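K.L.:
A predicted structure for the sequence below; I have some questions about it.
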2 protein chains.
Amino acid sequence: MTNVVKLFDTTLRDGTQGEGISLSVEDKIKIAGKLDTLGVQYIEGGWPGSNHKDIEFFNRVKELDLKNAKVTAFGSTRRKGIKAEEDMNLMRILETKVSVATIFGKSWDFHVHKAIQTSLEENLEMIYDSVKYLKNKGLEVIYDAEHFFDGYKNNTEYAIATIQKAEEAGADWIVLCDTNGGSLPHEISNIVSKVCGTLSTPIGIHTHNDCELAVANSLAAVEAGARQVQGTMNGLGERCGNANLISIIPNLQLKLKYECITEEQLAQLTNVSRYISEIANINMPVNQPYVGAAAFAHKGGIHVSAIMKHPKTYEHIVPELVGNKQRVLVSELAGQSNVLFKAQELDLDFNKESAQTKQIIEEIKTLEHQGYQFEGADASLELLLRKAFDKLDEIFTLESFKILVAKTKESPVASEAIVKLNVHGEIVYMAAEGAGPVNALDNAIRKALEKFYPDIKKMHLSDYKVRVIDEKDATAAKVRVLIESSDFKNTWSTVGVSENIIEASWQALVDSIRYGLIGKTKSNLEEEKQEILGLINH
Amino acid sequence: MTNVVKLFDTTLRDGTQGEGISLSVEDKIKIAGKLDTLGVQYIEGGWPGSNHKDIEFFNRVKELDLKNAKVTAFGSTRRKGIKAEEDMNLMRILETKVSVATIFGKSWDFHVHKAIQTSLEENLEMIYDSVKYLKNKGLEVIYDAEHFFDGYKNNTEYAIATIQKAEEAGADWIVLCDTNGGSLPHEISNIVSKVCGTLSTPIGIHTHNDCELAVANSLAAVEAGARQVQGTMNGLGERCGNANLISIIPNLQLKLKYECITEEQLAQLTNVSRYISEIANINMPVNQPYVGAAAFAHKGGIHVSAIMKHPKTYEHIVPELVGNKQRVLVSELAGQSNVLFKAQELDLDFNKESAQTKQIIEEIKTLEHQGYQFEGADASLELLLRKAFDKLDEIFTLESFKILVAKTKESPVASEAIVKLNVHGEIVYMAAEGAGPVNALDNAIRKALEKFYPDIKKMHLSDYKVRVIDEKDATAAKVRVLIESSDFKNTWSTVGVSENIIEASWQALVDSIRYGLIGKTKSNLEEEKQEILGLINH
């Protein structure tokens, strides 16, 4: 049996069923381009029979010069009681002019009775007619057997009969779906084995994550003989999401030695995952396997001292294989080895015995004691180290700021900020309003710096967290503010601590801007902008 | 073989190794109480030999009257070249006076050479001596075989020798750890089977999620004979996190029919998961399996119409079994049972059919949709209900407030607030300063009300949490403020939501004061004061 496994991405169809996910046609086109770069073999673009936006996508996607992927349109088997050629849904698939159609039909007798409310016999005819019709039109046909595992457990004979009908009608692939996400790996394994022994058509697998087992279920199916895996980027999708291809690909390729994509494509995995989470505007968990910012991050002192001796001690793969990298987090749980590691990363002359080194370690300890936490604020730590080693240019200094927040019984709160900054010797006054005091302050600083660093507008705050450190004293207690910023390429985090939430936010804001502008001049900001525009347009 | 599986929770130890996770002793005590409610059998409280905060936890946790869980302290085997009784780390475990010790030792020859840099023979002695020493002191000893699976794959004979040493020394449990998270279910299954056939000590499993397989690996180990599962709440933990007990428990119990906790405890699963994510201030993904807000939410038109015919069509379990509920995005009825419960508690005439009841449910739904969350803010919910049933006196109304925050390069931030309130028809003007804008506002309101309610000074804010709800837009996004207040007798929580942190804080502050003064008059406040003074003086 071949060890080549085909990847079928349904981020643009099943992925958009997830709560809070809404993609414009433009978004979908960008994602399709990125999926092609990653090397997936099938991109399911949408359901033209149910969504007008999807029809526009199929028109526009033809303009993309895809190198690896075939685009496929989704739909159901014909409706009961009509002919396939009269079915609007199948017609829409043909109108998209795709070369591959993916249609789903019912495998579970319970669903035939309850959901579509027809006879078991008619359902078999619906499957046969629909596949046959699309095959006669010259398309490659992928048949998705919805609820196959539930159907198999409830009425094995009937479930098998449905996919035999699809095979008779000439389906190129038969994909077994765990639509409700309730099956376990050993069940998937047994059932896929039996189906592979019964049919001669290549088998695929489509799972959902309702038991936090979608990745394991996909692997179990491949080990049992499936040779196509359907899933989404970052596991987006209805309820608990679809199987996450971002984890499945390296598991199949690096661990189980199947062939899916090239090594170069695999090294794009982190980049593709982060790009798609930006476009979909869905926060990516820092601890996402393989590609998360914390996937190869080490916090405990023992772990850190061990990985400095050998990374394999606490890393299951070389992070660069999937385009990720090792990070060492600095925290109360860790010793000075974490700081040392960071300094080496920055190529600083960090000699444990030098007075300079001892001083910076002392300073970090003091700050941590005051409540700063650098494990979640890499950028602030880097600024501290750069400053200690005289490798940091001052972007601006503060003269003063004032914030006014006012509310009356008739009107909601209004927030305004006035800042006075010294930027390379020039005094700049600026005022702005905002949705809150910190937002007003942030807006005023950015406006003040725009003239000097026009591309500061490209950077934006992507997360803002506030935490009371010592809770005994509530609003008079110390607060820690963590800010996450990003441009289109990178994400960085900064920290501020104070009894005053505005002071703490100010510190984190200033660090965020200083870090974002490191090594930036007007000219190289301009270059990057062009590069990013290029990426987006491709 | 028994079908009872013991749960070992390490949220408070391994969980805190996760990026961005930092728990105060108070947080840890709250979480321990909640874990006990859920019914886990072991709570690993921390590593007393490495962290001073953990020592305080072990002192304070004794005050909790835990019903189900034993508390265990973590540590390593003795250091090389010394006696067990001289080892500081083992001493600290004994000083905590726990009845269960959990110690980890090396199973992977590579780690013995690279990380601790000693001989294979000495490592075996370290394991034996440490387990034996703790057993002689009368403790239950859980031996964590770190990197067991990597060790087994690299040098089977040696890996087995290490756990045989632990068995010889009398360990009560031997837990096989996939420390780097790189193993696959079929490997875990094979190796656990072999170990169960070799040792007579009960076996446990400890996995990490680096391949998105931690849940599957835990299940595979149990099916192969393991009878203890170590993991964390919501899968918190280093890198990609530990095995998520929140998914493992229902998988074991509902799908595989093992016995872990009672049905009533299982119905607390959603509540416990959400509570802990609030305490840890870690955003819970809406699509988290079993317990996420989207875990049983239906968006697709076909799915919605099918589940209205029968929920089983697109739901793998009955959501109420784990304390979650179905949500249909078109006709959402969030929290009705909570509201009903609360109304009964307050002895309100809450008839589901009355217009008044429908109106308050509508209002709560709208607020929840806007981001209010009443699960962590009982007092705000009670105020809403009291208001709807005309059982709430107005304490004061706002005329206006102004807050000024200023900073110059020479001085830190200064915050001042001016409030104008209408208290029972009397206009009161008051100004105050504070450690931050919210503190200044809080001080000004309290000063303004003192004349009318002299004992308001007794009430104080005990916790103040801010959370960005929709992170897409950072400082301009909505924030949810949760305030916890207390007098000497009670603690209550209130909530505010707004794009503006000051507005949100204002809402929560006002609710906090209104709730604290319910049913209070000058005279009964005076009585209480005497009572409390009595308590303090004794």
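P.N.:
Arrived safely. Residues are numbered from 1 along each chain as shown, chains lettered A, B, ... in the order given.
K.L.:
helix/strand/coil for the nearest residue to A:T397 once chain neighbours are set aside?
P.N.:
Excluding its sequence neighbours, the residue lying closest to A:T397 (C-beta to C-beta, 6 or more residues apart in numbering or on different chains) is A:N422, at 4.8 Å. Placement of C-beta: from N, CA and C, glycine included. Secondary structure assignment for A:N422 (DSSP: H, G, I helix; E, B strand; the rest coil): strand.
K.L.:
Just the residues contacting whatever helix or strand A:G75 lives in, thanks.
P.N.:
Secondary structure assignment for A:G75, by DSSP states H and E: strand A:70-76. Applying C-beta atoms under 8 Å, 6 or more residues apart in numbering or on different chains, the external contacts of strand A:70-76 come out as A:8, A:10, A:13, A:32, A:41-49, A:54, A:58, A:61, A:89-90, A:92-93, A:96, A:98-105, A:140, A:142.
K.L.:
Give me the buried entries from these.
P.N.:
Buried subset of the contacts of strand A:70-76 (neighbour count, 16 or more other C-beta atoms under 10 Å in any protein chain shown): A:8, A:10, A:13, A:32, A:41-49, A:54, A:58, A:61, A:89-90, A:92-93, A:96, A:98, A:100-105, A:140, A:142.
K.L.:
Partner strands of the strand holding A:G75 and their direction?
P.N.:
Next to strand A:70-76 in the sheet, as set by DSSP bridges, lie strand A:42-46 (parallel), strand A:100-106 (parallel).
K.L.:
CSV for these, including distance to A:V468 and mean pLDDT?
P.N.:
Converted to CSV, the strands paired with strand A:70-76 look like this (distance: least, C-beta to C-beta, whole Å; pLDDT from 0 to 100):
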stretch, distance to A:V468, mean pLDDT
strand A:42-46, 46, 97
strand A:100-106, 50, 97
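K.L.:
Go through those and name the closest to B:L199.
P.N.:
Among those, strand A:42-46 comes nearest to B:L199, with 47.4 Å by C-beta to C-beta.
K.L.:
Need the CA coordinates for the closest one. CSV is fine.
P.N.:
Output of strand A:42-46 as CSV, limited to C-alpha atoms (Å, rounded to 0.1, in the frame of the first residue of the first chain):
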residue,chain,number,x,y,z
TYR,A,42,-7.4,19.6,-2.1
ILE,A,43,-9.0,22.9,-1.1
GLU,A,44,-12.7,22.8,-0.4
GLY,A,45,-13.8,26.3,-1.3
GLY,A,46,-17.4,26.4,-0.1
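K.L.:
who's in contact with it?
P.N.:
Residues from elsewhere that reach strand A:42-46, judged by C-beta under 8 Å, 6+ apart: A:6-10, A:12-14, A:16, A:28, A:32, A:35-36, A:53-54, A:57-58, A:61, A:66, A:69-74, A:96, A:98, A:100, A:102, A:142, A:228, A:230.
K.L.:
right, and the residue nearest to A:T397 touches A:S400 too?
P.N.:
No - the pair A:N422 / A:S400 is not scored as a contact, 10.3 Å apart, by C-beta atoms under 8 Å.
K.L.:
In contact with A:Q230, which residues?
P.N.:
A:F8, A:D9, A:T10, A:E44, A:D144, A:V175, A:G204, A:I205, A:H206, A:N242, A:A243.
K.L.:
low-confidence ranges in the stretch 401-538 of chain A?
P.N.:
The model of the stretch 401-538 of chain A has pLDDT under 70 over residues A:469-477, A:488-489, A:519-538.
K.L.:
count of residues packed around A:G81?
P.N.:
Other residues near A:G81 come to 9 when the count uses other C-beta atoms under 10 Å in any protein chain shown.
K.L.:
repeat for A:I82
P.N.:
Per other C-beta under 10 Å, the neighbour tally for A:I82 reads 12.
K.L.:
ok so it is a helix residue?
P.N.:
No - read with three-state DSSP, A:I82 is coil and lies in no helix.
K.L.:
And the pLDDT for the nearest residue to A:I103 once chain neighbours are set aside?
P.N.:
Spatially, and ignoring its direct neighbours in sequence, A:I103 is nearest to A:G75 (5.2 Å; C-beta to C-beta, 6+ apart). Reading off the confidence values, A:G75 has pLDDT 95.
K.L.:
Tell me who's in contact with the residue in the stretch 301-450 of chain A that chain B sits nearest to.
P.N.:
Closest contact between the stretch 301-450 of chain A and chain B, by C-beta to the nearest C-beta, is at A:H316 (2.7 Å). Shown in contact with A:H316 (C-beta under 8 Å, 6+ apart): B:N180, B:G181, B:G182, B:D210, B:C211.
K.L.:
Check A:A293 too.
P.N.:
Shown in contact with A:A293 (C-beta under 8 Å, 6+ apart): A:V286, A:R327, A:T491, B:E19.
K.L.:
what does A:N180 give?
P.N.:
A:N180 is in contact with A:H147, A:D150, A:H208, A:D210, B:Y314, B:E315, B:H316, counting by C-beta under 8 Å, 6+ apart.
K.L.:
CA atoms only: put the helix or strand hosting the second one into PDB for me.
P.N.:
Spelled out, it's A:D150. In the assignment (DSSP H and E), A:D150 maps to helix A:148-154. Once non-C-alpha atoms are left out, helix A:148-154 reads as follows in PDB (Å, rounded to 0.1, in the frame of the first residue of the first chain):
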ATOM      1  CA  PHE A 148     -20.500   7.000   9.000                       C
ATOM      2  CA  PHE A 149     -19.200   5.800  12.300                       C
ATOM      3  CA  ASP A 150     -22.500   6.400  14.200                       C
ATOM      4  CA  GLY A 151     -24.300   4.700  11.300                       C
ATOM      5  CA  TYR A 152     -21.900   1.700  11.300                       C
ATOM      6  CA  LYS A 153     -22.400   1.200  15.100                       C
ATOM      7  CA  ASN A 154     -26.200   1.400  14.700                       C
END
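K.L.:
Mind giving me the packing neighbours of it?
P.N.:
helix A:109-111, helix A:156-168, strand A:173-178, helix A:185-198 (3 or more C-beta pairs under 8 Å, 6 or more residues apart in numbering or on different chains; DSSP states H and E).
K.L.:
winner for burial among these?
P.N.:
Most buried of the helices and strands packed on helix A:148-154 by mean neighbour count (mean count of other C-beta atoms under 10 Å in any protein chain shown) is strand A:173-178; its value is a mean of 26.
K.L.:
For that strand, which strands pair with it and how are they oriented?
P.N.:
Strand pairing for strand A:173-178, determined by DSSP bridges: strand A:140-146 (parallel), strand A:203-207 (parallel).
K.L.:
tell me the domain ranges of chain A?
P.N.:
A:6-261, A:297-370, A:397-526 (automatic domain parsing).
K.L.:
May I see these organised as TSV, with distance to B:A297 added?
P.N.:
Shown next, in TSV, are the domains of chain A (distance: least, C-beta to C-beta, whole Å):
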stretch	distance to B:A297
domain A:6-261	6
domain A:297-370	31
domain A:397-526	24
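K.L.:
Need the winner for burial among the ones you listed.
P.N.:
Across those, the average number of neighbours (mean count of other C-beta under 10 Å) peaks for domain A:6-261, which reaches a mean of 22.
K.L.:
Now do the helix or strand containing A:K387, average pLDDT.
P.N.:
Counting by DSSP H and E, the element that carries A:K387 is helix A:378-388. Across helix A:378-388, pLDDT averages out at 86.
K.L.:
Could you pull out the buried residues of it?
P.N.:
Within helix A:378-388, the residues scored as buried using 16+ other C-beta under 10 Å are A:D378, A:A379, A:S380, A:L381, A:E382, A:L383, A:L384, A:L385, A:R386, A:A388.
K.L.:
Surely A:K402 is in contact with A:S415?
P.N.:
No - applying C-beta under 8 Å, one finds A:K402 not in contact with A:S415, separated by 11.6 Å.
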